[in-house]
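> Have a look; sequence and predicted model below, questions after that.
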Amino acid sequence: MQPIKMLVDFVDTRLGVRDLYNKELHGYLLPRKVNAWYTLGAVLLVLFKIQIITGILLLMFYVPDSEKAFASVQAIMNDVPYGWLFRMLHAVGANVIMIALLLHMLSVLFMSSYKGRREFTWLTGFTILNLTMGLCLTGYLLPWSQLSFWATTVATDAAGAIPVIGDYLVEFLRGGATVGNQTLGRFFALHVVGMPLILLGLIGVHLFCVKRRGISAPPFGEDYKASEPLPFFEHEKHKDGIPFFPNYFVKDAAVICFFIAFMLAIIFYAPGLFFPESAFQPADPFLTPPHIKPEWYFLWAYQTLKIFPSEIIGLGVQGAFMTFLALLPFIDRSPERRPGKRPLFITCYVLTILVFVAISVWGHYS
Amino acid sequence: MIRTSISLFVLMLFTLLAAPALVLAADTVCIECHGGQPGPLGEPVGQWRTSVHAENGISCHECHGGDPTDYAMAMSPDKGFIGAPEYADVPDFCGRCHVGVADAYKGGAHGQALEAGAAQCVVCHGNHAIQRANLDLINEEACSQCHSYERAALIRLSLVETDTMINTTEADLERLYRLGFAVDEMEDGLFNQRNSFHRIFHGVDVERVRAETADVQAEVGKISNQVAEIDTTIQERKLWGSAVLGLFILAGVIFLLVRKAYEEEERG
């Protein structure tokens, strides 16, 4: 133990790590009734790290050229040592991140954790969700498969429904009249540099907001009281709380392990779950495959556009819903957070989830 | 207002995948005209849509010639329009693409007796509703229309094992393909062996079928061995993957138990 103590002493005298530990880890107190849903933030941090690491490894072998992209992905899957594992972790990981993000958002909504002057936390989180969907969309094109090509063609085509700027927007997104090498180039740049940089910045701001304002206590139990936030800044402290490290950290670690196990289970036991047949065919601009469907998390939007008589109405409805969701903390000003005391909100919450699931299933089978 | 606009723009970007799928490329003028006609002039279109040719993008003009993009010239002999061939011309008609099979057929009993009205391609395979060839095409009901079934039954018996082997390997390759394995070379090899196999029995010579299917089986066997090697790799990966997966579950359970200990400490 002596060498370890010497090493810690060496670092501590220079960086004050013991003080940092006492204040930010062991001294960082969480609400006593904090539950498992609060682990999803840590889960997402780990999943994003896995995406970055596997993304860098894929980047070493991927060629962003429409003539070579498909072959390079084939080579990653078949020739590069453990390339199949990195690619599967990256592709399956993207889907698992979407699951975790949605669960995180739904738990925040259920417990109304966006209340109490936490608008910035909510807005940065909501933007992270949308940016992650953007990363999924741009990453979808990179393998240059039939699925990639036609999903992107259909996706960029939808922007043409927007009045006045529609055609310009389509050309801007594609970098030309049709999806081609220039589209691959800009999606690649956005996927590997542009969006991750913004995402990292947003995650930093999100964590800052969480830390600065303080963790919101779960709105459960007899001792919970709804209270109006003060008119000035206040850090929500939990004096009788539990230390983040090691007390709550072990719960974070447990849920992280279960999420990684879930991801591995898909990779080894259901590897084709997120890969339709067209994902294995090289892109052919002259052959439209039948039944091109977006990923499961875009199915609701896909089907919504089909329900309405014109795409612009569908886009408008989606825009209105997403704007409402983004601005929810500004609209819902009641200090009450207990789900049992908010029957209207919880009814809308459950109905919205059911409608989304139903529309997505409809979209899948339509 | 600005925030709303940004939200809308971001939304637009992220809901782009939501548009309905594009329809398939426009049909040829042959299909546009004949598809709407009643009776014998329109029926072939519906039959063709169910065929293996349609499945592989082989359209009317590829057999019948003509210009599929121009209504006026669609059926012009100047554009190579052939129309429906005479009975005895069908083997050459189909043989423009199915070269090896056509040669084998011509050298066999059916081909030699073609002028006398022996069976040709469409008698067994049909014409516009043509399906992927399989051994069920050799059956007593069909063969007995012209001759006794004994010889055909012997040929069918000799083919079953090889046919099953080819079909099984094809299914295996499809399965590996859906897992992301590069199977192009193996698929090409199997395609060649299937063609060789089809060539063999179109000569309707029992002894030749027996002798040459052994060569096909040997080649298909090599592909099956490659499939088996990949399957072994998949099993090894699954084994290691299961071990790592188990470790993560175990670690998760241990962390939860530690948390339980902390909870007791926090209560007490």
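Sure thing, it's come through.
> and residue 268, how many neighbours does it have?
This is for chain A. Each residue near A:F268 was counted by other C-beta atoms under 10 Å in any protein chain shown, and the total is 19. Just so you know, the C-beta spots here come from the backbone N, C-alpha and C atoms, and that holds for glycine as well.
> other chain: chain B
Using other C-beta under 10 Å: B:G268 sits among 5 other residues.
> Residue 210 sits in which helix or strand?
By default, I'm working from chain A. helix A:195-213 (DSSP states H and E).
> wrong one, chain B
Using DSSP H and E, B:R210 falls in helix B:206-267.
> Which strands or helices does that helix pack on?
Packing contacts for helix B:206-267, counted by 3 or more C-beta pairs under 8 Å, 6 or more residues apart in numbering or on different chains; DSSP states H and E, involve helix A:249-269, helix B:150-177, helix B:184-202.
> and among these, the most buried is which?
helix A:249-269 (a mean of 20; mean count of other C-beta atoms under 10 Å in any protein chain shown).
> relative to helix B:206-267, how tilted is that one?
Put simply, helix A:249-269 runs at 170 degrees to helix B:206-267, going by axes from the mean of the first three to the mean of the last three C-alpha atoms, to 10 degrees.
> what's helix A:249-269 packed up against?
With contacts defined as 3+ C-beta pairs under 8 Å, 6+ apart, the packing partners of helix A:249-269 are helix A:40-59, helix A:83-110, helix B:206-267.
> what is the mean pLDDT for it?
Across helix A:249-269, pLDDT averages out at 98.
> Downstream of it, the next helix or strand is which one?
Per DSSP H and E, helix A:249-269 leads on to helix A:299-307 as the next helix or strand towards the C-terminus.
> tell me the contacts of A:S145?
Applying C-beta atoms under 8 Å, 6 or more residues apart in numbering or on different chains, we find A:S145 in contact with A:70, A:73, A:278-283.
> So which of the helices and strands packed on helix B:206-267 is nearest A:F208?
helix A:249-269 (18.8 Å; C-beta to C-beta).
> With just CA atoms, put the closest one into CSV.
Taking C-alpha atoms only, helix A:249-269 is exported to CSV below (Å, rounded to 0.1, in the frame of the first residue of the first chain):
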residue,chain,number,x,y,z
PHE,A,249,-22.0,5.1,-7.5
VAL,A,250,-22.4,1.3,-7.1
LYS,A,251,-26.0,1.6,-8.2
ASP,A,252,-24.8,3.6,-11.3
ALA,A,253,-22.2,0.8,-11.9
ALA,A,254,-24.9,-1.9,-11.6
VAL,A,255,-27.2,-0.4,-14.1
ILE,A,256,-24.3,0.4,-16.5
CYS,A,257,-23.3,-3.3,-16.3
PHE,A,258,-26.9,-4.4,-17.1
PHE,A,259,-27.1,-2.0,-20.0
ILE,A,260,-23.8,-3.3,-21.5
ALA,A,261,-25.1,-6.9,-20.9
PHE,A,262,-28.3,-6.0,-22.8
MET,A,263,-26.2,-4.6,-25.7
LEU,A,264,-24.0,-7.8,-25.8
ALA,A,265,-27.1,-10.0,-25.7
ILE,A,266,-28.3,-8.3,-28.9
ILE,A,267,-24.9,-8.5,-30.5
PHE,A,268,-24.4,-12.2,-29.8
TYR,A,269,-28.0,-13.6,-29.8
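> That one vs helix A:40-59, what angle?
Using the same axes, to 10 degrees: helix A:249-269 against helix A:40-59 is 40 degrees.
> Just the angle for helix A:249-269 relative to helix A:83-110, thanks.
On the basis of the same axes, to 10 degrees, helix A:249-269 is oriented at 130 degrees to helix A:83-110.
> And for residue 47, the neighbour number?
Since no chain was named, I'll use chain A. Other residues near A:L47 come to 22 when the count uses other C-beta under 10 Å.
> Hmm, no, I was thinking of chain B.
B:Q47 has 14 neighbours, counted by other C-beta under 10 Å.
> and the strand or helix carrying A:T132 with chain B, contact?
Assigning secondary structure by DSSP H and E places A:T132 in helix A:119-141. Yes - contact between helix A:119-141 and chain B, assessed by C-beta under 8 Å from any C-beta of the partner chain, occurs at A:127, A:130, A:133-134, A:137.
> now for that helix, which elements pack on it?
Checked by 3+ C-beta pairs under 8 Å, 6+ apart, helix A:119-141 has helix A:83-110, helix A:146-158, helix A:181-189, helix A:195-213, helix A:311-326, helix A:328-331, helix B:2-14 packed alongside it.
> so what's A:R18 up against?
Residues near A:R18 by C-beta under 8 Å, 6+ apart: A:8, A:12.
> try 6 Å
Neighbouring residues of A:R18 by C-beta atoms under 6 Å, 6 or more residues apart in numbering or on different chains: A:D12.
> So what's the residue count around A:T127?
By the criterion of other C-beta under 10 Å, A:T127 has 19 neighbours.
> Quick check: it vs A:I99, distance?
Relative to A:I99, A:T127 is positioned 19 Å away (C-beta to C-beta, to the nearest Å).
> likewise A:L344?
In terms of C-beta to C-beta, A:L344 sits 28 Å off from A:I99.
> And A:P229, by the same measure?
In terms of C-beta to C-beta, A:P229 sits 32 Å off from A:I99.
> swap in A:F208?
25 Å.
> Also A:L142?
A:L142 sits 21 Å away from A:I99, going by C-beta to C-beta.
> again with A:I346
22 Å.
> With neighbour numbers in mind, choose between those two.
A count of neighbours by other C-beta under 10 Å puts A:I99 above the other of A:I346 and A:I99, at 17 against 14.
> What pLDDT is listed against that one?
98.
> if I pick it, what's in contact with it?
By C-beta under 6 Å, 6+ apart, A:I99 lies in contact with nothing.
> What residues does the stretch 101-250 of chain B have near chain A?
B:177-180, B:182, B:238, B:241, B:245, B:248-249 (C-beta under 6 Å from any C-beta of the partner chain).
> Which secondary structure state does the nearest residue to B:S51 once chain neighbours are set aside sit in?
Computed as C-beta to C-beta, 6 or more residues apart in numbering or on different chains, the closest residue to B:S51 that is not its neighbour in sequence is B:I130, at 4.9 Å. With DSSP: H, G, I helix; E, B strand; the rest coil as the basis, the three-state label of B:I130 is coil.
> Not counting sequence-adjacent ones, nearest residue to A:Y62?
A:Y62 sits nearest to A:S72 (C-beta to C-beta, 6+ apart), 5.2 Å away.
> just A:G83 next, same as before
Nearest non-adjacent residue to A:G83, counting by C-beta to C-beta, 6+ apart: A:I76, 3.9 Å away.
> Secondary structure element holding the one you found?
Judged by DSSP H and E, A:I76 forms part of helix A:69-78.
> what helices or strands is that helix leaning on?
When contacts are defined as 3 or more C-beta pairs under 6 Å, 6 or more residues apart in numbering or on different chains; DSSP states H and E, helix A:69-78 packs onto helix A:83-110.
> what's the offset of the helix it packs on from the middle of its chain?
Relative to its chain's centre, helix A:83-110 lies at 7 Å (C-alpha atoms, centre = their mean, to the nearest Å).
> can you pull the buried residues of that helix?
A:83-101, A:104-105, A:107-110 (16 or more other C-beta atoms under 10 Å in any protein chain shown).
> and if you look at stretch B:35-50?
Buried, per 16+ other C-beta under 10 Å, within stretch B:35-50: B:35, B:44-45, B:48.
> Out of those, the closest to A:R213 would be?
A:R213 has its nearest neighbour among the buried residues of stretch B:35-50 in B:G35, at 65.8 Å by C-beta to C-beta.
> so which strand or helix has the closest residue to the closest one other than its chain neighbours?
Leaving aside its sequence neighbours, B:G35 sits nearest to B:V45 (C-beta to C-beta, 6+ apart; 4.5 Å). Taking DSSP H and E as the definition, one finds B:V45 inside helix B:43-49.
> Would you confirm that A:W150 contacts A:I292?
Yes - A:W150 sits in contact with A:I292 when judged by C-beta atoms under 6 Å, with a separation of 4.8 Å.
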